[in-house]
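Engineer: for reference, the sequence and a predicted model appear below.
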Amino acid sequence: MSSIAEHTVEHIHRDDVGSRLGMWLFLFTELVLFGGMFLVYAVYRFTYPHEFHVAAKELNTSVGALNTIILLTSSLTIVLSIIAIRKNNKFLSVFFQIFTMVLAFGFLINKYFEWNIKIHHGIFPGSEILLAKGNGEILFFGLYYVMTGLHALHVGIGMLLIEVMTGLTIKGRINSTNYVRLEAAGLYWHLVDIIWIFLFPLFYLIT
Amino acid sequence: MHNNGHSVSYLDYKGKHSGIFAWILSTDHKRIDLLYLMASLLFFAVGVTFGFLMRLELIAPGKTIMDAQTYNSFFTLHGIIMIFLFVIPGLPAVFGNFFLPILIGAKDVAFPRINLLSWWLYILGALLAVISVFLPGGPADTGWTFYIPYSIRSTTNVMPALMAAFILGFSSILTGLNFIVTIHRMRAPGMTFFRMPLFAWSLYATAWVQILATPIIGITLLLVSIERAFGVGLFDPALGGDPVLYQHLFWIYSHPAVYIMILPAMGVISEIIPVFSHRTIFGYKFIAFSSLAIALFGSMVWAHHMFTVGMSETAQIIFSLLTFLVAIPSAIKIFNWVATLYKGSISTDAPLLYALGFIFLFSIGGFTGLIQGALSVNMHIHDTSFIVAHFHYVMFGGTGFGIFAAMHYWFPKMFGKMYNMKTAKTGFWFLFVGFNTLYFPMFVMGWLGMPRRYYDYLPEFHIYHLVSTIGSWILIVGLIIMFTNFYKALRSKTSYTAINPWGGETLEWTIQNKPSLENFEVIPTITAGPYEYKDNEENLMKEDS
């Protein structure tokens, strides 16, 4: 037996393709997770078409549209930050990452006021005003809170993720030769975006 | 080519942490495996204890040792612990972690840190499950299925139990994700997909099911939690929600989940059978693809758990038909195993005994599954102890015996010690006899109408319950014999140095017992399939002639 103390193997293993594959698989599980809720939505929309129609009219389409524009823009800025780091422009990359986070924060503020107004009007799960409405409307608003709430949670997680990436970029650990983590965060951000792309028409546009 | 015990074993390796942190912060797949093994065996012991006490309660009609509420909590905890904490991680997370990288000639899994994270999530989920027992309000009493509307009305600690299952699901997803990327990216040079050992194939199929199905249970349990916390109404019939929709979502995961549990066990059996009959496995590709076929068909049969809820007849017929179809790939495996044994030069060591036990018990479990898949019969035996017997034949007789087989098969490689073979065989026979005595009467009384999950029963069922309870004692004696045998082997001073005790042809038998941190000093180059027996009979015959 050789001496134990000298046995320190450098355990470095880097495989960008593997990392990307892992991220895609993870995104896939996220899609399935939301897929469960879209299924619930579909079933109840089918069961209560008229009440869903009535309830959807109470949502403010312009607020939803504004949030859609914010998120789409943020998807662009995160891509720009990846392009910037590929071209070895650290400053621009950090700038676009921070810009993305600002947009994400804007989305959450917008969402906060939107929820706040609804709650102010007495429309929230278990409220008397909501319980006085038909079952379909109760379910519509229930789904509205649950689905946009879970989406907002993902926006928050995405923000945290990008913040970590910004730190790594500033430290130089994400650089023009090793940016797979930033790419992964970008992919996650696109997922957050694409889920909203489906939530927006389902709740705001189909009335 | 192979190192002869010169490298420091993974058990003695000194990393940057020391003491217990060298274990709970280790990213070595072999150490994580042992963490999983110890934790899951601990929970297995707890689950067995609950099962034992329930059987003791049922030894005679009326109250024997516990009240009805305790009994309800016991079968809930027994289910949650056995399924989420023992059977699901039992093969992929425990033996998959240790042997998948070695079997495909890799130094570790693709994401070692995520691997450690999944163990920590497992522990977090387990702690929540334990906490739910001791919080005021009492342990959950809904059964492991959390059926609505009772699970949103029950005043027991359903919430921590739901969260526990949610987190354990997340842990399972990360393991699956890790394995898929490992298999795609880390195979040694020359290790093509069709040169992978069948255990690796079964883990691959399992990993896909873990990734595809588990998020559904995640969101479903989350919705039930939200339901309990805020009363949103999504599944609450009082607010227009549909409890049957909950059942669909639950089984969309939980049926494929039984394949998460059984597929890796089938992989283990596919490793053991050729080694102990010293023959190339019969129908390698069929076994490999039947794993994928089981994963595929198994994902489309969930509603056969719900034939009595009032689905449309068309739906019932389709789901019944698909259920029968799952039997085909399972039968392909069984036939191939038996064909491998045929004319083999069989050594009946303990791993093979457990593998044969698996085939016998799983066949009974599988056939009774077909009986229940038939619509008219299902009406009769739905929610009776027939289903309990079927489930235990498949999950305990199948996966449980698969886990025991894996333990006996890989024990010398993992620990560099050898257990007493004679005791191991004695243990098997106690387990096998005890198992059948315990569960077979449940088929009979279920057929006669004994409902499952009932605390009390009519006097005419007494004899079956009595036999069943006696069976549970024999079974536990078997478990004690088996684990004492392992424990003694671990404590013994003599180390076992033969690196290939069974004559296996897969990669783990080419490296030292208690493998080193990186498994292989030099990554091997693979030039042949996994079960090419030098001394198989065809070659012998050629030499003779």
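Structural biologist: Sure, I can see it. Numbering: from 1, shown residues only, chains lettered A, B, ... in the order given.

Engineer: for the residue of the stretch 251-400 of chain B found nearest chain A, what are its contacts?
Structural biologist: Here the stretch 251-400 of chain B gets closest to chain A at one residue, B:I252, 8.1 Å apart by Cβ to the nearest Cβ. Glycine gets a C-beta too; all of them are placed from N, C-alpha and C. B:I252 makes contacts with B:A213, B:I216, B:W302, as judged by Cβ atoms under 8 Å, 6 or more residues apart in numbering or on different chains.

Engineer: and which of the residues you listed is nearest to A:I69?
Structural biologist: Set against A:I69, the nearest of the contacts of B:I252 by Cβ to Cβ is B:I216 (32.0 Å).

Engineer: so which strand or helix has the closest one?
Structural biologist: B:I216 belongs to helix B:198-230 when assigned by DSSP states H and E.

Engineer: and that helix, how far out from the chain's middle?
Structural biologist: Taking the mean of its C-alpha atoms, helix B:198-230 sits 15 Å from the chain's own mean (Cα atoms, centre = their mean, to the nearest Å).

Engineer: packing partners for the helix or strand of chain A with the lowest mean pLDDT?
Structural biologist: Within chain A, confidence by mean pLDDT, DSSP states H and E is lowest for helix A:128-131 among all helices and strands, at a mean of 89. On a contact count with 3 or more Cβ pairs under 8 Å, 6 or more residues apart in numbering or on different chains; DSSP states H and E, helix A:128-131 meets helix A:135-171.

Engineer: where does the prediction get shaky in chain A?
Structural biologist: A:1-12 (pLDDT under 70).

Engineer: setting aside sequence neighbours, what's the nearest residue to B:T368?
Structural biologist: Counting by Cβ to Cβ, 6 or more residues apart in numbering or on different chains, the nearest residue to B:T368 once its immediate chain neighbours are dropped is B:H390, at 4.3 Å.

Engineer: run a quick neighbour tally on residue 102.
Structural biologist: Looking at chain A here, since you left the chain open. Residues lying near A:V102 (other Cβ atoms under 10 Å in any protein chain shown) number 14.

Engineer: oops, chain B please
Structural biologist: 25.

Engineer: again with B:Y122
Structural biologist: Using other Cβ under 10 Å, B:Y122 is surrounded by 27 other residues.

Engineer: what about it, distance to B:S7?
Structural biologist: Noted for B:Y122: a distance of 29 Å to B:S7, by Cβ to Cβ, to the nearest Å.

Engineer: rewinding a little: CSV for the contacts of B:I252, including pLDDT, distance to chain A and neighbour count?
Structural biologist: Output for the contacts of B:I252, formatted as CSV (pLDDT from 0 to 100; distance: Cβ to the nearest Cβ, whole Å; neighbours: other Cβ atoms under 10 Å in any protein chain shown):
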residue, pLDDT, distance to chain A, neighbour count
B:A213, 92, 8, 28
B:I216, 95, 5, 26
B:W302, 94, 13, 24
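
Engineer: and the residue of chain B closest to chain A?
Structural biologist: Closest residue of chain B to chain A, Cβ to the nearest Cβ: B:G240 (2.6 Å).

Engineer: right, and that residue touches A:I138 too?
Structural biologist: Yes - because the distance of 5.9 Å satisfies Cβ atoms under 8 Å, B:G240 is recorded as touching A:I138.

Engineer: ok, back up a step: pLDDT score for the residue nearest to B:T368?
Structural biologist: What the model reports for B:H390 is a pLDDT of 97.

Engineer: so it touches B:F362, yeah?
Structural biologist: No - with contacts counted by Cβ under 8 Å, B:H390 stays clear of B:F362, the gap being 11.2 Å.

Engineer: closest point of chain A to chain B, which residue?
Structural biologist: Per Cβ to the nearest Cβ, A:N135 is where chain A lies closest to chain B, at 2.6 Å.

Engineer: and that residue, how many neighbours?
Structural biologist: A:N135: 19 neighbours (other Cβ under 10 Å).

Engineer: the nearest residue to it once chain neighbours are set aside - how many residues pack around it?
Structural biologist: For A:N135, the nearest residue in space outside its immediate sequence neighbours is B:G240; the separation is 2.6 Å by Cβ to Cβ, 6+ apart. By other Cβ under 10 Å, 20 other residues sit near B:G240.

Engineer: dump the residue contacts of B:G240.
Structural biologist: Going by Cβ under 8 Å, 6+ apart, B:G240 touches A:Y44, A:T47, A:Y48, A:G134, A:N135, A:G136, A:I138, A:L139, B:G233.
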